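**Q** dropping a prediction and its sequence here:
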Amino acid sequence: MALVRTTSDLQRNMGEVCDICKETREPIYVTRNGETALVLMDAGAFEEREALLSDLEHELALFKTLMQSEIDRLEGKTYDWDEIQRERAVMRGAIA
């Protein structure tokens, strides 16, 4: 269940809110005039989530590349090994 506090509660009880963040490692939604204004998190928990997000972004990029490769294969867009080696040599500047 989401933890919700008001900005006035945050101002009065900052220490308690910090303790809750550290203990639960969950975000606390801070409301102002009845609307969410901020989200507070323990710094360590935030860094872990950021690392996880970065890993997921890399995995998604790899998945997209693999799916595009499979689509290309199914559509007959294939290359033989010699052709790939020639392209690599051109990219490295070994062949003009």
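**A** Arrived safely.

**Q** mind listing the residues bridging to residue 40?
**A** The partner list for residue 40 in beta bridges (DSSP bridges) reads residue 28.

**Q** dump the residue contacts of it.
**A** In this structure, residue 40 makes contact with 10, 17, 21, 27, 28, 30, judged by CB atoms under 8 Å, 6 or more residues apart in numbering. All C-beta spots, glycine's among them, are computed from the backbone N, C-alpha and C.

**Q** tell me how far it lies from residue 13.
**A** According to CB to CB, to the nearest Å, residue 40 and residue 13 sit 12 Å apart.

**Q** the domain parsing of the protein - what is it?
**A** Following the assignment in automatic domain parsing, the chain carries domains at 3-41, 53-92.

**Q** span of the first one from start to end?
**A** Translated: domain 3-41. Distances were taken as CA to CA, to the nearest Å; on that basis the terminal residues of domain 3-41 are 11 Å apart.

**Q** pull the distance from it to the chain's centre.
**A** How far domain 3-41 lies from its chain's middle: 23 Å, per CA atoms, centre = their mean, to the nearest Å.

**Q** with the longest one instead?
**A** The offset between the C-alpha centroid of domain 53-92 and the centroid of the whole chain comes to 23 Å, using CA atoms, centre = their mean.
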